[in-house]
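Chemist: Model the structure of this input:
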Amino acid sequence: MAKKEAQTDLWVYELLKEANLNLTYQGSDIKELNEALSTASKKGTNKQGYPEYCGVVRDFVIVIENKADVSKHVGRDDKNLISQEQKDVENYALNGALWYAKQIIKNQNTYKKVFAIAVSGDSKKHRITPLFVDNGALIKEPLEDIETFMLLNEQNIEEYYKREVLQEESGKQKTKAEIERIAATLHEDLRNYGALDDRNKPLVVAGILLALDEMRAKNLSLDYLNNDEIDTDGSKIYELIKSNLKRSHLAPQIKYDKVLTQFSVIKDTKKINELCEITDKKGLKINCTPLKHYAKFIKENIFDSIHTIKNSNDYLGIFYSEFMRFSGGDGQTLGIVLTPTHITELFCDLINLKASDKVLDPCCGTGSFLITAMDYMLLQAKNERQKEEIRKNQLFGFELQSFMFAVATANMVLRGDGKSNLYDEDFLKQNPLNLQENFMANVGFMNPPYSQGKIDKNLTEIAFTEHLLNSILKDGKVVVIVPQSAMTGKSKEEKAIKANILKHHTLEGVITLNKNTFYGVGTNPCIAVFTTGMPHSKDKICKFINFEDDGFEVQKHKGLVETIHAKDKKAYLLKVWHDELESPSKFCVKTTIEADDEWLHSFYYFNDEIPTHEEFEKTMADYLTFEFNMITHGRGYLFGLEDEKDAK
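Modeler: Residues are numbered from 1 along each chain as shown. Model prediction:
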């Protein structure tokens, strides 16, 4: 047992190191803690006693108590409370951690907030349970189990405390809620004062953002929009857009003309260029054109924010996502399913995107994958010259819908270039070899149009995936997010495509996602990762991961919300994906595959964990309760009883 406990201690040390937590083993370098523990023996002898690890992060004490056996995780008394009887304090991890936390609070006056952490098991099968103790009086029931210690480091512990212990909203949550209110109001105003349809709403918003950007460059105020009968507000905004696109060096001319044509709706729609009575946010009635009202609203609520807050790209990205969601359920009426930011970021992390990579998104929508990739690459760039190269020559996208192509172009302009390699063309009609030769892209990211295969069997998600795989250089990486049905391959055509993919490319693995990832869309998604141009070996081991529990949850009146645990769960996923950690098969199955298999965790998974005695007893008790209920309700025939009389 001593050897196993030493292995647990070493594993915990590695977790602490990865989380940048500097805790002391079997003691403390902090005077107050060392003195408090000098009489903290778990045997109750008033002699010294030390948890496995102890230290301070900000003004929180962290104590960690380890046990090698998961069955020794927590012991409870007859009231189902964490027992503090001496035998349980000695034998169970959480009981021991709580003991040390109480001793620390009782025996010194400097630190009064303690996270007591119980760790049991090993890297493959384990539990890590936090318990918060405040001033020795307030002892919370254990918090939700965690997989890493990153929530407890210098960067995250304050937010973790506020959200998990105090149950407060984070700044990010408040920002998202505020942006949602802004998006909802703008959506209603576009409809009520402009009678704009779902196709034109995003064009008007994107065009106004470009115009405001140009007004800022020319030092113009909103008074420039003055309802001139000849030079209308729409004409002025249109000219500002034209000037901005020229300033951004949008080329070639045919692309410039295509984008500008889409924004002509701003000057040509009569209703948004006529005076009308508008109620402002204070309830006052004002006479102005809807366009000026929209420009004022967008400037005050969106544009000014993206130029003053630190994470402006996040702010604009959340706004687009929330705004498009109002256009028929995340843009569905437009054939658009916007990819959430946490997914675009995960794509980059799964392949460790580098500053030297060239990225192609063949269905780029508003450009979210390309923008996230650009941000990741720019952070790694060594100098301004490399940053310029990334923006101009390492990002490529196709968008078939002309109005969305214009929105994507505007989005890229506002984010700092990267727009020069967007194409308003049908990706499936492009020759893959020509794309390889022209773009030299070694990374492909894609969220293809969903359910198009019902209309045309050549437009299935797996067909899009194969075309992208063929368009990326050999030994590149392709990551796609598709419905789980795309990985099962039920039709004859889909089965043939899956077989052909394995002839030319390698499947690295598939990650099953939270069914609410595209909240309101009704799609059960998954992420598939491939290596291009390398035939799939029969001996290749693939990973199939169940990441349905991703730390995002649906909350009433809010939709899909990121909890504090999302960071922790993502960190665990990436450690497993990059082979830095073994995990139980209920999370990750590693196996060889066949083309006819359903490439999903649920297809390959079987429960290979031996149940504990407690789990066996609970299962038996549940079964006996069920049997008793059925018999007493006259359904004894389910258990071989011949008739109702026998059942009674």
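Chemist: Find out how far the helix or strand hosting N192 is from the centre of the chain, if you would.
Modeler: Element membership for N192, per DSSP states H and E: helix 171-194. Put simply, helix 171-194 sits 21 Å off its chain's centre (CA atoms, centre = their mean, to the nearest Å).
Chemist: Which strand or helix spans the most centrally placed residue in the chain?
Modeler: By CA atoms, centre = their mean, the chain has its centre lying nearest to H342, at 2.6 Å. Here H342 sits within helix 341-350, counting by DSSP H and E.
Chemist: Tell me which residues of that helix come out buried.
Modeler: T341, H342, I343, T344, E345, L346, F347, C348, L350 (16 or more other CB atoms under 10 Å). Placement of C-beta: from N, CA and C, glycine included.
Chemist: Serialize these to JSON lines and add fields for distance to M440.
Modeler: Output for these, formatted as JSON lines (distance: CB to CB, whole Å):
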{"residue": "T341", "distance to M440": "27"}
{"residue": "H342", "distance to M440": "29"}
{"residue": "I343", "distance to M440": "26"}
{"residue": "T344", "distance to M440": "22"}
{"residue": "E345", "distance to M440": "25"}
{"residue": "L346", "distance to M440": "25"}
{"residue": "F347", "distance to M440": "20"}
{"residue": "C348", "distance to M440": "19"}
{"residue": "L350", "distance to M440": "22"}
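Chemist: picking that back up, compute the distance between the residue nearest to the centre of the chain and D349, please.
Modeler: 10 Å (CB to CB, to the nearest Å).
Chemist: what is in contact with the two at once?
Modeler: K570 (CB atoms under 8 Å, 6 or more residues apart in numbering).
Chemist: how about the helices of the stretch 251-400 of the chain, start to end?
Modeler: 253-262, 265-268, 290-298, 304-306, 312-325, 341-350, 368-380, 384-393 (DSSP state H, counting those that start in this stretch).
Chemist: Quick one: mean pLDDT over the first one.
Modeler: What helix 253-262 shows for mean pLDDT is 87.
Chemist: Residues touching that helix, excluding its own?
Modeler: With contacts defined as CB under 8 Å, 6+ apart, helix 253-262 is touched by 203, 241-242, 245-246, 250, 402-403, 405-406, 409-410, 422-424.
Chemist: Now list the buried members of the residues you listed.
Modeler: 203, 241-242, 245, 250, 403, 405-406, 409-410, 422-424.
Chemist: How about residues contacting stretch 145-158?
Modeler: By CB under 8 Å, 6+ apart, the residues outside stretch 145-158 that reach it are 15-16, 18-21, 57-58, 60, 62, 115, 117, 127-130, 160, 564-565, 567-569, 571-572, 575.
Chemist: Just the ones of the residues you listed in strands?
Modeler: V57, F60, I62, F115, I117, R127, I128, T129, P130 (DSSP state E).
Chemist: What about the nearest residue to the second one once chain neighbours are set aside, how many residues nearby?
Modeler: By that I understand F60. Nearest residue to F60, sequence neighbours excluded (CB to CB, 6 or more residues apart in numbering): K113, at 5.1 Å. Neighbours of K113 under the rule other CB atoms under 10 Å: 17.
Chemist: Correct me if wrong: K113 contacts V56.
Modeler: No: using CB atoms under 8 Å as the test, K113 is too far from V56 to be in contact (10.0 Å).
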